[in-house]
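Q: I'll drop the sequence and a predicted model, then ask my questions.
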Amino acid sequence: MQTETSPSWHPVAWIVTICAAIVIGGCSPATIAPEDQTVRVCLQPIPAYAPLWVAKRKGWLQEALSEKKLGTVEWSTMRDGPLQNEAFAAGLIDVALTADTPAIIGRSAGLEFKVVGLIASCPQSLAVLVPKDSRVKNMADLKGKKIAATKGSFCHHLLALALQREGMSLADVRFINMSGPEINTSLQSGHIDAGVTWEPYISQMIGSGSAKVLLDGTGLKNGNEVIVATNRLIESSPQVIDALLEVAERGKLYISEHPSEAASLISGDVGMPPEQLVGIFSKNHYLPPIDVATTDELDATQAFLHDLGVNRNKVDINQFVEMKFQDDHSSEVEATP
C-alpha cells in the first residue's frame, strides 16, 4: 500500500505519554459526595449525537442530576475523537460521545474508560465520495488511484472493507491520510480521486454539488457511535450513566416527534442548516441496543486497527463494553413538547 499523509502523528503514542505523566504525578480525583460532583460531558459537532445535543439545549441532564442529587453537568465540545482521548488522558472529561475507532484506540493505549451505550449506528452517514464528474463506477475503478481517509477512523475501515468486497486491498490504492475538512477541499480541487468521510462533510459536499456518493456503509460497516465513560464514574456513580441514557432517549423521542423543531434547536451546534439536518435524522438509528452483532463489529474494528499498526495492544471487547446499562430506558421516557 502506498501511503501519503498530512501532519504525522501516532494516535497512540501521545496518549501513552500523557497517561504515563498522570500516573507518575499521582493525579487522581478526590472522593466527593455525589451531590457535589461535576460530571464533565464532551460532545462533537456532528448530527449522529443529536439526541444528547437536544438534551443539552433543553437542560434535561442537569434537571435529572439535580432531582437525584447527583451533582452538576459541565458540557464541552471537541472536534474529534483523538482530542477527546487526549482530554480523557489528562483527566479533563468523564463522558464522551465518539466513534468506535478512537474509543478502541484510546482503550488500547491504556485509557481507563468503557463503552456504556451506543448513541447511534449510522451506515449511511459514512461514505466513499468521488467528484461529481468522475467516471468511477465502482471500487474496482479506483485501483491505483488516490483515496483519502483519516487513518485509523471508521472511514478507513470502510475503505478496507469496500475494497475487500471487490477482491482488492489497501495495497491496491494510493492511500492518503487526511482530516474531514481536508478531504472536502482535496475533492473539490481534484487532488484526490475519492474520499471516505462522514457527516456533516458528506452533506456539505453533496449540497454544494461538488461530489457524489459512490457507496456508503450499508452492508459493510454500521458506523457505530459510542458513549464512553471513565471507570471511576461507572463505579462511583452508575446512576449518572442511567440519567444520561434516559435523557438521550428523551432526545431521541423529541427528534422523532418534532424533527423540524429539533433541527432548528441544534443547527448551530452541528453546523448544518435545519432543513439538511432533518434529512440526516432519518438516516441514523439512534440509541440502538448493544447486541452480539455490535460486539462482533467492534471486535472486527479492533482487529483492523491492530493489524494496521495503529494499536499496539489488542482490546478485549467483552471487557471494554459495560453491559449493565443495557436495560431499556425508553419505557421511562415520555414525550416532551
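A: The structure has been received and is ready for your questions.
Q: which ones are touching the residue nearest to I280 when sequence neighbours are not counted?
A: Excluding the flanking residues, the one nearest I280 by C-beta to C-beta, 6 or more residues apart in numbering is P47, at 4.6 Å. For every residue, glycine as well, the C-beta is placed using N, CA and C. Taking C-beta atoms under 8 Å, 6 or more residues apart in numbering as the contact definition, P47 lies against S125, E199, P200, V270, M272, L277, I280, F281, N284.
Q: Sort those residues by pLDDT and name the bottom one.
A: Across the set of the contacts of P47, P200 stands lowest in pLDDT, at 89.
Q: Please verify my assumption that that one contacts V270.
A: Yes - counting by C-beta atoms under 8 Å, V270 is a contact partner of P200 at 6.3 Å.
Q: Touching both of these two, which residues are there?
A: Residues touching both P200 and V270 (C-beta under 8 Å, 6+ apart) are P45, I46, P47.
Q: mind checking how far the last one is from G279?
A: What that stands for is P47. For P47, the distance to G279 (C-beta to C-beta, to the nearest Å) stands at 10 Å.
Q: same deal with the second one?
A: According to C-beta to C-beta, I46 and G279 sit 15 Å apart.
Q: quick one: which of these two has more around it?
A: I46 (27 against 13; other C-beta atoms under 10 Å).
Q: I'd guessed that one sits against S203; true?
A: No - the pair I46 / S203 is not scored as a contact, 10.9 Å apart, by C-beta under 8 Å.
Q: Give me the pLDDT for the residue lying closest to K324 once chain neighbours are set aside.
A: Nearest in space to K324, with sequence neighbours left out and distances taken as C-beta to C-beta, 6+ apart, is P238 at 7.5 Å. pLDDT recorded at P238 is 97.
Q: Over to P238: give its phi and psi.
A: phi -60, psi -20 (degrees, to the nearest 10).
Q: Can you get me a residue count around it?
A: 15.
Q: Let me know whether it touches L245 as I believe.
A: No - counting by C-beta under 8 Å, L245 is not a contact partner of P238; they are 10.7 Å apart.
Q: Now do the shared contacts for these two.
A: Common neighbours of P238 and L245 (C-beta under 8 Å, 6+ apart) are F325.
Q: quick one: low-confidence parts of the stretch 201-337 of the chain?
A: Under the criterion pLDDT under 70, the flagged ranges of the stretch 201-337 of the chain are 328-337.
Q: Going along the chain, name the helices of it.
A: Assignment of helices within the stretch 201-337 of the chain using DSSP state H, counting those that start in this stretch yields the ranges 201-208, 231-236, 238-257, 259-270, 274-281, 292-308, 317-320.
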